[in-house]
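Visitor: okay, predicted coordinates and the sequence, questions at the end:
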Amino acid sequence: MEYVYAALLLDAAGKEINEQNVIDVVKAAGFAPDEAKAKAVVSSLKGVNIKDVIKNAQSAQVQAAAPAPAQGAQPKKEEKKEEKKSEEEAAGGLAGLFG
């Protein structure tokens, strides 16, 4: 994961994402560098515009966070019972841990 973060940091700083730069960032963060991982991350990011990917991911997240309410959707009493039952089951399971 630190190699992906290194690539993101390099992109944010406007630096070239290459194996040596990724390894340098990983070293600076205090991790032992692994050339194979650095090479894999760099090769997987070839031709990828990170800023566009982040922008698209943020817009997709906003759309997913604000779903349109369903017309005429009324909560059913059955749903409340199921929810209450699952809470009781969870509490019972926790009680079993403490004897």
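Guide: That came in fine, so what should we check first? Here the structure is a predicted model, which is why all the values come from computation and not from measurement.

Visitor: contacts only, for residue 6.
Guide: 21, 22, 25, 26, 29, 38, 41 (C-beta atoms under 8 Å, 6 or more residues apart in numbering). For glycine as for every other residue, the C-beta is placed from the backbone atoms N, C-alpha and C.

Visitor: among those, which ones are in helices?
Guide: 21, 22, 25, 26, 38, 41 (DSSP state H).

Visitor: out of those residues, who's the most crowded?
Guide: residue 22 (27 neighbours; other C-beta atoms under 10 Å).

Visitor: would you agree that one is in contact with residue 10?
Guide: Yes - using C-beta atoms under 8 Å, residue 22 makes contact with residue 10 at a distance of 6.9 Å.

Visitor: for the protein, what spans make up the helices?
Guide: 2-12, 19-28, 35-44, 50-65, 77-97.

Visitor: for the second one, what does the pLDDT average out to?
Guide: When pLDDT is averaged over helix 19-28, the result is 97.

Visitor: which two of the contacts of residue 6 have the greatest separation?
Guide: Pairwise distances across the contacts of residue 6 (C-beta to C-beta) peak at 14.1 Å, for the pair 29 and 41.

Visitor: helix or strand with the lowest mean pLDDT in the chain?
Guide: Least confident element among the helices and strands of the chain, by mean pLDDT, DSSP states H and E: helix 77-97 (a mean of 55).

Visitor: OK, contacts around residue 40?
Guide: So residue 40 contacts residue 3 (C-beta under 8 Å, 6+ apart).
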